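# The sequence isn't on hand, but the structure is:
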């Protein structure tokens, strides 16, 4: 991840695994850096280990409580699907960036089955806009979803672009 840009600060603190990883353990190794951050990315390279997911959930809760702008992608979206409450906070500021498959899984888990993809491009766009609106409503204020696809769609709970 660090190879994308020299401006990125990457700390491999959530790859310890085992006994140290958990709600308060490894999460503290991330949250202690919040004062120095302008934004946070959670998900890419996280994996599906249960202990790491618990630590990531604690990090997301802390980011929501502090209003730290946070991008959630990849395996971070699975954490949100398991506990959407991690995104709730008075100053929450999250951008979720699911691809088509991740959007479908998240919608199915939090809202209900999305149905089969539509044949026409315009019908599929309308279906995706509906999914985004329902997800934004389910996730609450402070969440923007950027649905990646042939034509990316952005929804903030009120508007779609």
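Great, that's in hand. No experiment lies behind these values; they were computed from the predicted model shown.
# If you average the pLDDT over stretch 133-151, what comes out?
Across stretch 133-151, the average pLDDT comes to 95.
# And that stretch, how far out from the chain middle?
10 Å (CA atoms, centre = their mean, to the nearest Å).
# Can you give me the buried ones in that stretch?
Under the neighbour-count criterion of 16 or more other CB atoms under 10 Å, stretch 133-151 has 133-136, 138-140, 142-147 buried. From N, CA and C alone the C-beta is placed, and that goes for glycine too.
# Could you do stretch 71-89 as well?
Buried residues in stretch 71-89 (16+ other CB under 10 Å): 71-81, 84, 86-89.
# Next: stretch 39-51.
Neighbour-count burial for stretch 39-51 [16+ other CB under 10 Å]: 40-43, 46, 49, 51.
# Filter those residues down to just the ones in helices.
Judged by DSSP state H, helices contain the following of the buried residues of stretch 39-51: residue 51.
# can you list the buried residues of stretch 39-51 in JSON lines and add distance to residue 97 and pLDDT?
Shown next, in JSON lines, are the buried residues of stretch 39-51 (distance: CB to CB, whole Å; pLDDT from 0 to 100):
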{"residue": "40", "distance to residue 97": "13", "pLDDT": "94"}
{"residue": "41", "distance to residue 97": "9", "pLDDT": "93"}
{"residue": "42", "distance to residue 97": "11", "pLDDT": "94"}
{"residue": "43", "distance to residue 97": "9", "pLDDT": "92"}
{"residue": "46", "distance to residue 97": "14", "pLDDT": "86"}
{"residue": "49", "distance to residue 97": "21", "pLDDT": "88"}
{"residue": "51", "distance to residue 97": "24", "pLDDT": "86"}
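# want to try JSON lines for the buried residues of stretch 39-51, with distance to residue 65 as columns?
Rendered in JSON lines, the data for the buried residues of stretch 39-51 read as follows (distance: CB to CB, whole Å):
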{"residue": "40", "distance to residue 65": "13"}
{"residue": "41", "distance to residue 65": "18"}
{"residue": "42", "distance to residue 65": "14"}
{"residue": "43", "distance to residue 65": "19"}
{"residue": "46", "distance to residue 65": "20"}
{"residue": "49", "distance to residue 65": "24"}
{"residue": "51", "distance to residue 65": "22"}
